[in-house]
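Chemist: Have a look at this prediction, sequence included:
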Amino acid sequence: MSERIIRKLEILEVEQLMDWAAAEGWNPGLNDAAVFRATDPEGFIGAFVDGEMVAGISAVAYGTTYGFIGLYICRADMRGQGHGKAVWNAGMARLDGRIIGLDGVDEQFENYRRKGFAPSYRTIRFGGTFARGLADSRTVDGVTPDLLREIMAFDRRSFPETRETFLTHWLMPPHHARVAISDGAVTGYGVVRKCRSGWKIGSLTAVDDATATALVQNLGSSAEGDLHIDVPAARQRFIDMLVGAGLRPGFETTRMYLGTPFPLAPELFGVTTLELG
């Protein structure tokens, strides 16, 4: 076998990894590669043989205490040769000393548990044609630069670390971002983006079901075509609303952590991405 080289990915190679993710049915956003890499340029790693990428992974660091593993893919024709294990080891080494999260599909649950990851909560992807009602303009508005700091502070209530660099890009066009405000304070925010198929909401954080519902109605009005969202299974009232609006459950994942688990925050109604947490 030719020599395997492990190195960080350049932007075009991250885009190739996103193409692989799309082929696996993960339905990434059209602008994900650029935003993801800007969040942590050193956090995307590939295995190369004869100059071609054969496996990849994201190992993105947040702050000083947290990291997230995603986009763990080996090219189908190169599996069984240790390339996947090589990028996994490189990604884990990069995040050594941090609490590490990932979203695992059921087929990999036991594999991740053997590696020391413990389950925290289940997530269900809902998708379909959303019955778009009248958006609640009284409580939901567009995100403006003067609100960024408040939104980032609110985001910290449902995410294990600060992620200012990520949100600075994620909340900007071509994504559509909305914020809920009550009595002059941020009570929730959400983002919807165009994906390879339809549109996807994430993040979606709010102080209660009513605020989350108002955000979804507003975000849904910005999207044309099918709508998708990854929802913690514990959010039953919110799920009932989504089903009533026409969305149906699809595949499920489990949020898992190596190190101290981060419990499901009461403000989290929609996971940002399964790739970066």
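Modeler: Received, thanks. Numbers count the residues shown, from 1 in each chain.
Chemist: Residue 197 belongs to a helix, doesn't it?
Modeler: No: assignment of residue 197 by DSSP: H, G, I helix; E, B strand; the rest coil gives coil, placing it outside any helix.
Chemist: Does it touch residue 226 like I think?
Modeler: Yes: in this structure, residue 197 is within contact of residue 226 by Cβ atoms under 8 Å, at 6.8 Å. The C-beta positions use only the backbone N, C-alpha and C, and glycine is treated the same way.
Chemist: ok, these two, which is more surrounded?
Modeler: Relative neighbour count places residue 226 above the other of residue 197 and residue 226, with 17 against 14, counting by other Cβ atoms under 10 Å.
Chemist: Now the more buried one: closest residue in space, sequence neighbours ignored.
Modeler: residue 198 (3.4 Å; Cβ to Cβ, 6 or more residues apart in numbering).
Chemist: wait, what's in contact with that neighbour?
Modeler: Under the criterion of Cβ atoms under 8 Å, 6 or more residues apart in numbering, the neighbours of residue 198 are 27, 127, 223, 225-228.
Chemist: Repeat the analysis, applying 6 Å as the threshold.
Modeler: Applying Cβ atoms under 6 Å, 6 or more residues apart in numbering, one finds that residue 198 lies in contact with 225-226, 228.
Chemist: So which of those residues belong to helices?
Modeler: Secondary structure assignment by DSSP state H places none of the contacts of residue 198 in helices.
Chemist: now, among the residues you listed, which is nearest to residue 123?
Modeler: Proximity of those to residue 123 was ranked by Cβ to Cβ; the top entry is residue 228 with 12.1 Å.
Chemist: My guess is the closest one contacts residue 199. True?
Modeler: No: taking contact to mean Cβ atoms under 6 Å, the distance of 7.0 Å between residue 228 and residue 199 leaves them out of contact.
Chemist: buried stuff in the worst-scoring helix or strand of the chain on mean pLDDT?
Modeler: Taking mean pLDDT, DSSP states H and E as the measure, the chain has strand 140-142 as its least confident helix or strand, at a mean of 88. Of the residues in strand 140-142, those with enough neighbours to count as buried (16 or more other Cβ atoms under 10 Å) are residue 140.
Chemist: helix or strand right after it?
Modeler: Read in the C-terminal direction, the helix or strand following strand 140-142 is helix 148-155, with elements assigned using DSSP states H and E.
Chemist: Retrieve the pLDDT associated with residue 223.
Modeler: If you check residue 223, the pLDDT there is 82.
Chemist: For it, the count of nearby residues, please.
Modeler: If you count neighbours by other Cβ under 10 Å, residue 223 ends up with 20.
Chemist: Find the residue closest to it in space, skipping its chain neighbours.
Modeler: Residue 223's closest residue in space is residue 199 (Cβ to Cβ, 6+ apart), at 3.7 Å.
Chemist: Surely that neighbour is in contact with residue 191?
Modeler: No: with contact taken as Cβ under 6 Å, residue 199 and residue 191 are classed as non-touching, separated by 10.4 Å.
Chemist: re earlier: state the distance from the residue nearest to residue 223 to residue 121.
Modeler: As defined by Cβ to Cβ, to the nearest Å, residue 199 lies at a distance of 24 Å from residue 121.
Chemist: These two: who's more crowded?
Modeler: Comparing residue 199 with residue 121 by other Cβ under 10 Å, the one with more neighbours is residue 199, at 22 against 19.
Chemist: tell me the contacts of the more buried one?
Modeler: For residue 199, the set of contacting residues under the criterion of Cβ under 6 Å, 6+ apart consists of 192, 223, 227.
Chemist: Name whatever forms a beta bridge with it.
Modeler: Using DSSP bridges, the bridge partners assigned to residue 199 are residue 194, residue 227.
Chemist: quick one: the helices in the stretch 51-200 of the chain?
Modeler: The residue ranges that make up the helices of the stretch 51-200 of the chain, judged by DSSP state H, counting those that start in this stretch, are 83-94, 109-114, 148-155, 164-170.
Chemist: a markdown table for the ones you listed, including mean pLDDT?
Modeler: As requested, the helices of the stretch 51-200 of the chain are arranged in a markdown table below (pLDDT from 0 to 100):
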| stretch | mean pLDDT |
| --- | --- |
| helix 83-94 | 97 |
| helix 109-114 | 95 |
| helix 148-155 | 97 |
| helix 164-170 | 97 |
